[in-house]
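> can't give you the sequence, but here's the structure:
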């Protein structure tokens, strides 16, 4: 499966000199999917903040569409996805794959 735009967006924010502030803004202003991405980043950048966001998301029943590679998992409550972010270490996954993600999207127009 080709990389997803979410990975590209994550890595663009991560590369900014004010990445922590940007992910904090996402955690504050975004919907549940964006907050889960911010959680993935802040687990590495600012662990105490990530813990606070995870606690807030644990009470968030809003639905998020989940697609894992080519597997559509459908709608899930944000609260049900915290474990997925933790277990898969999604932030680390995006960072590990950043070269292939960047290469893919440099070719896509």
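Great, that's in hand. The structure displayed is predicted, hence computed values, not measured ones.
> Does residue 95 lie in a helix or a strand, and which?
If you go by DSSP states H and E, residue 95 is part of helix 90-96.
> Now the element after that helix, going C-ward?
Sequence-wise, the next helix or strand downstream of helix 90-96 (DSSP H and E) is helix 98-107.
> Okay, now the unreliable bits of the protein?
Residues of the chain that meet the criterion pLDDT under 70 lie in 108-109.
> list the contacts for the most centrally placed residue in it?
Among the residues of the chain, the one closest to the centroid is residue 37, at 2.1 Å (CA atoms, centre = their mean). Under the criterion of CB atoms under 8 Å, 6 or more residues apart in numbering, the contact list for residue 37 reads 6, 9, 10, 26, 30, 90. For glycine as for every other residue, the C-beta is placed from the backbone atoms N, C-alpha and C.
> Near the fourth one, how many other residues are there?
When you say that, I think you mean residue 26. A count of nearby residues for residue 26, using other CB atoms under 10 Å, gives 21.
> Grab the nearest non-local neighbour of it.
Closest residue to residue 26 apart from its sequence neighbours, by CB to CB, 6 or more residues apart in numbering: residue 38 at 4.2 Å.
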